[in-house]
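Enquirer: Task: produce atomic coordinates for the following.
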Amino acid sequence: MKILIADDISDSALEVFKAQPAWTVVNLPAKPAGAGSLNQEIADADALIVRSATKVTAELLDHASRLRVIGRAGVGIDNVDLEASTQRGVVVMNTPGGNAVSVAEHTMALILALARHLPQANASLKQGRWEKKQLLGMEVRGKITGLIGLGKVGTEVARLAQAFGMETIAYDPYVSSKIAAEQNVKLMSLEELLRAAEFISLHASLTPATQHVINAKTLQLTKSGVRIVNCARGELIDEPALLTALESGQVAGAGLDVFEKEPPRDAKLVTHPNVIATPHIAGSTEEAQELVGLRIAEQVRDFLVEGVARNAVNMPSLSPEEHKTLQPYLQLGEKLGAFLAQISGERLEEVRVSYDGGLAELNTHLVRNAVLKGILGQVLSEEVNLVSAGVLAVSRGIEVVELRSSRRADFSNSLGIALRTDRDSCSGLGMVGLRGALRLLGINDIDIEAPLKGMILFIRNKDVPGVIGRVGTLLGNRKVNIANFALGRDQSPGEAIGLVNVDDAVPDDVLNEIRAIPAVRMARMVEV
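Expert: Residues are numbered from 1 along each chain as shown. Reported below is the predicted structural model:
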């Protein structure tokens with residue numbers, strides 16, 4: 001085996017590879033100038049190890065005739081072309097959670113600094129002032145910390161906060177009450193958290209649902225004088241709205257390690273006297289860098305020696321025949337799962353997947369994981385993929401049930417998904433149609449057929465006259481182009497469902513107008 005190291009990694013990580021006597025290790029950062037280039041060295045390499053500096057492009061992979069695995073020492077994989085890697089049968093691995101402790105400690109440092117005005121005190125004293133009274137702080141003991149997101153980092157922040165005597169609450173629709181209780185964390189709705197928390201710390205991934213989760217409207221729900229910390233994604237906060245809240249005093253202080261644009265282009269927020277800003281360094285510690293390097297070396301070694309793929313972020317290599325058969329069902333499972341996740345309630349407890357007809361005869365392990373990927377990918381901060389989806393579901397206390405039936409009178413080769421939360425349930429049925437087109441066949445046992453793609457306006461309403469016309473008029477008046485309008489009825493309780501495929505997302509003000517129609521019970525944009 002030849003192992004190509006393209007970026008700096010720790011000595012302990014190098015030793016993992018050097019311990020294999022038959023392996024050749026080429027460490028490019030340690031080679032003298034003028035030595036073999038990356039394009040030359042990758043030609044006969046079996047494994048490539050990178051951090052964030054090296055860009056693994058399709059063009060680079062064209063030079064790699066033997067490459068089997070790419071190891072990314074870190075979480076982000078923006079510098080690796082996943083599609084090109086998958087097409088070439090190259091497994092891509094990363095090290096999620098390797099810097100969770102570092103990010104959590106940085107989060108806690110910002111919380112403490114906000115509570116005790118540490119940057120202001122340091123600057124004041126260095127300027128020759130002694131301002132004890134003006135820098136009166138507060139204890140964090142007994143205060144309520146609200147965590148938006150309870151993944152690896154959020155859980156670690158909860159542990160640290162509790163050590164300081166803080167009460168921890170969390171909003172995470174994909175963590176069960178049982179798992180949260182094991183961490184001494186109380187789950188609640190986003191609105192309840194915003195109203196109760198004295199410190200709010202963000203630990204969610206960036207999705208359409210979480211983008212600008214902290215905005216002008218949600219900030220109005222918070223306690224006056226709340227303090228906000230963000231070491232997750234800059235796009236979770238509407239920065240102009242936060243600046244306004246800081247200037248009004250609604251927000252007493254903010255600790256920000258990430259920003260919508262990096263470096264920040266508008267200095268007003270960064271230079272605000274009540275903002276502590278750091279340059280995206282929450283995960284940058286010697287220990288974290290050592291750990292992610294060692295972990296990726298061990299993962300790559302185990303894959304090459306034993307074929308064990310841990311923390312793979314792309315689909316495992318399939319034979320051409322298997323890929324051709326399963327690919328449309330992988331897409332169907334992921335999109336149908338994502339659709340239902342966006343219209344269902346919170347606190348997911350069970351996912352039920354049913355396979356009918358010829359689909360039930362196939363190896364559906366990847367289809368099940370594609371369903372879970374579509375569901376969990378809506379909110380989780382971790383990278384969700386076909387390999388990790390099942391493990392992530394189990395870790396969150398979600399029960400996964402699979403049902404098979406080789407006989408189905410109405411639709412052959414159909415896929416059904418049912419989600420059960422702690423309050424309600426929802427279900428959907430889909431199939432692969434002509435030329436691989438993905439189709440919805442039913443929602444909540446109501447027959448309705450529509451394309452499962454793109455932007456979809458989902459409407460649930462009373463089955464009374466006039467609803468279709470009013471919705472169509474509202475969309476037409478705002479120049480929202482309708483690609484398909486499908487209706488379904490459940491006559492016994494007088495319930496109806498509408499699926500409107502549109503070219504562009506329906507603006508929020510138009511959605512609110514649709515929701516204001518007396519017969520409409522729900523109107524929500526879904527993207528698959």
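Enquirer: Could you use CA atoms for every contact and neighbour count after this?
Expert: Fine.
Enquirer: so where's the stretch 251-400 of the chain shaky on pLDDT?
Expert: 315-323, 381-383, 387 (pLDDT under 70).
Enquirer: And the strands in it?
Expert: 251-256, 275-277, 348-356, 399-405 (DSSP state E, counting those that start in this stretch).
Enquirer: Isn't Leu135 up against His117?
Expert: Yes. Between Leu135 and His117 a contact is recorded at 6.4 Å, counting by C-alpha atoms under 8 Å.
Enquirer: Could you check which of these two is surrounded by more residues?
Expert: His117 (18 against 14; other C-alpha atoms under 10 Å).
Enquirer: Now do that one against Ile111, distance only.
Expert: 10 Å (C-alpha to C-alpha, to the nearest Å).
Enquirer: pull the longest helix from the chain.
Expert: helix 320-343 (DSSP state H).
Enquirer: What segments of the stretch 151-300 of the chain are helices?
Expert: Per DSSP state H, counting those that start in this stretch, the stretch 151-300 of the chain carries helices over the ranges 152-163, 177-182, 190-196, 216-221, 239-248, 267-270, 286-306.
Enquirer: nearest to Glu350, of these?
Expert: Taking C-alpha to C-alpha, helix 177-182 is the member of these nearest to Glu350, at 12.9 Å.
Enquirer: wait, what's in contact with His242?
Expert: Just to correct that, residue 242 is Leu rather than His. Counting by C-alpha atoms under 8 Å, 6 or more residues apart in numbering, Leu242 touches Ile214, Asn215, Ala216, Leu219, Val251.
Enquirer: Dump the helices of the stretch 151-300 of the chain to a markdown table, plus distance to Ala209.
Expert: Shown next, in a markdown table, are the helices of the stretch 151-300 of the chain (distance: least, C-alpha to C-alpha, whole Å):
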| stretch | distance to Ala209 |
| --- | --- |
| helix 152-163 | 18 |
| helix 177-182 | 21 |
| helix 190-196 | 12 |
| helix 216-221 | 13 |
| helix 239-248 | 17 |
| helix 267-270 | 24 |
| helix 286-306 | 30 |
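Enquirer: now, of those helices, which is deepest in the fold?
Expert: Mean neighbour count (mean count of other C-alpha atoms under 10 Å) peaks for helix 152-163 among these, with a mean of 21.
Enquirer: Quick check, Asn27 in contact with Ala6.
Expert: Yes. The criterion here is C-alpha under 8 Å, and Asn27 meets it with Ala6 at 6.7 Å.
Enquirer: Comparing these two, which residue is more hemmed in?
Expert: Ala6 (22 against 16).
Enquirer: gap between stretch 30-43 and the chain center?
Expert: 36 Å (C-alpha atoms, centre = their mean, to the nearest Å).
Enquirer: Between its first and last residues, how far does that stretch reach?
Expert: Using C-alpha to C-alpha, the two ends of stretch 30-43 sit 19 Å apart.
Enquirer: And for it, what's in contact with it?
Expert: Residues contacting stretch 30-43 (C-alpha under 8 Å, 6+ apart): Leu4, Ala6, Leu28, Leu48, Leu60, His63, Ala64, Ser65, Arg66, Leu67.
Enquirer: Sort out for me which of those are in strands.
Expert: Among the contacts of stretch 30-43, the ones falling in strands (DSSP state E) are Leu4, Leu48.
Enquirer: For stretch 173-181, give the mean pLDDT please.
Expert: Averaged over stretch 173-181, pLDDT sits at 90.
Enquirer: name the element Pro448 belongs to?
Expert: Just so we're on the same page, residue 448 is Ile rather than Pro. strand 446-451 (DSSP states H and E).
Enquirer: State whether Asn484 is indeed within a helix.
Expert: No. Counting by DSSP: H, G, I helix; E, B strand; the rest coil, one finds Asn484 to be strand, located in no helix.
Enquirer: Who are the contact partners of it?
Expert: Ala450, Pro451, Leu499, Val500, Asn501, Val502.
Enquirer: related to what we said a few turns ago, return the longest helix of the chain as CSV; C-alpha atoms alone will do.
Expert: Provided in CSV are the C-alpha atoms of helix 320-343 (Å, rounded to 0.1, in the frame of the first residue of the first chain):
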residue,chain,number,x,y,z
PRO,A,320,-22.8,-1.5,-11.7
GLU,A,321,-25.8,-4.0,-11.5
GLU,A,322,-26.5,-3.2,-7.9
HIS,A,323,-26.2,0.5,-8.4
LYS,A,324,-28.5,0.5,-11.4
THR,A,325,-31.2,-1.4,-9.5
LEU,A,326,-31.0,0.4,-6.1
GLN,A,327,-30.2,4.0,-7.2
PRO,A,328,-33.8,5.1,-7.9
TYR,A,329,-35.1,3.6,-4.6
LEU,A,330,-32.3,5.3,-2.7
GLN,A,331,-33.4,8.6,-4.2
LEU,A,332,-37.1,7.8,-3.4
GLY,A,333,-36.3,6.8,0.2
GLU,A,334,-34.3,9.9,0.9
LYS,A,335,-36.7,12.4,-0.8
LEU,A,336,-39.9,10.8,0.8
GLY,A,337,-38.2,10.7,4.2
ALA,A,338,-37.2,14.4,3.8
PHE,A,339,-40.7,15.3,2.8
LEU,A,340,-42.4,13.6,5.7
ALA,A,341,-39.8,15.0,8.2
GLN,A,342,-40.8,18.5,7.1
ILE,A,343,-44.5,18.1,7.6
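Enquirer: Please state the offset of it from the chain centre?
Expert: So, by C-alpha atoms, centre = their mean, the centroid of helix 320-343 is 18 Å from its chain's centroid.
Enquirer: Identify the residues contacting it?
Expert: Contacts for helix 320-343 (C-alpha under 8 Å, 6+ apart): 366-368, 370-378, 415, 417, 419, 426-432, 436, 438, 440, 452-453, 458, 524, 526-528.
Enquirer: now the angle from that helix to strand 348-356?
Expert: Taking axes from the mean of the first three to the mean of the last three C-alpha atoms, to 10 degrees, one finds that helix 320-343 is oriented at 140 degrees with respect to strand 348-356.
Enquirer: Right, I'll leave it there.
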